[in-house]
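> Have a look; sequence and predicted model below, questions after that.
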Amino acid sequence: MSGGLESGNRNPMMNLQNAANEIYHEYLLASKTFASFNSAHEGWAVIREEVDELWDEIKKKKAKRSIAAMREEAKQIGAMALRFMLDICD
């Protein structure tokens with residue numbers, strides 16, 4: 001499932017709902033698979049790892065860059081940010 005301006009899809013309201021649903025489901029999967037964050041430092045480290053993985057994909061030449069891989073990493077960043085909010089900030 002791809003979206004965003006780079007892929008030519010310009011329906012932001014539909015994309016917002018799709019993206020939010022993807023993040024929510026990724027959050028649920030991660031919550032079942034991994035224990036809660038033990039500290040803000042751990043949460044930051046997990047988010048940073050996901051950001052680094054997105055950055056690795058972004059740095060590739062456009063012809064070799066994968067929209068699907070970038071979307072997957074962005075989804076994981078969103079899910080981990082949500083998890084940080086719930087595990088650490090609540």
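Looks like it arrived, so ask away. All figures in this text were calculated on a predicted structure; none of them were measured in a lab.
> Name the single longest helix found in the protein.
Scanning the chain for the helix with the most residues, using DSSP state H, yields helix 12-33.
> Pull out the buried positions in the following helix or strand past that one.
Next helix or strand after helix 12-33 toward the C-terminus (DSSP states H and E): helix 40-58. With burial defined by 16 or more other CB atoms under 10 Å, the residues of helix 40-58 counted as buried are 43, 46-47, 50, 53-54, 57. For every residue, glycine as well, the C-beta is placed using N, CA and C.
> Point out where this structure drops to low pLDDT.
Low-confidence segments of the chain, defined by pLDDT under 70: 1-10.
> now, which of the buried residues of helix 40-58 sits nearest Asn21?
For the buried residues of helix 40-58, the residue nearest Asn21 by CB to CB is Glu50; the value is 18.5 Å.
> That closest one contacts Lys75, correct?
No - here Glu50 lies out of contact with Lys75, judged by CB atoms under 8 Å, at a distance of 9.2 Å.
> what helix or strand is the residue in the chain sticking out farthest from the centre on?
Centroid-distance maximum for the chain: Ala63 at 22.1 Å, with CA atoms, centre = their mean. Following DSSP H and E, one finds Ala63 outside all helices and strands.
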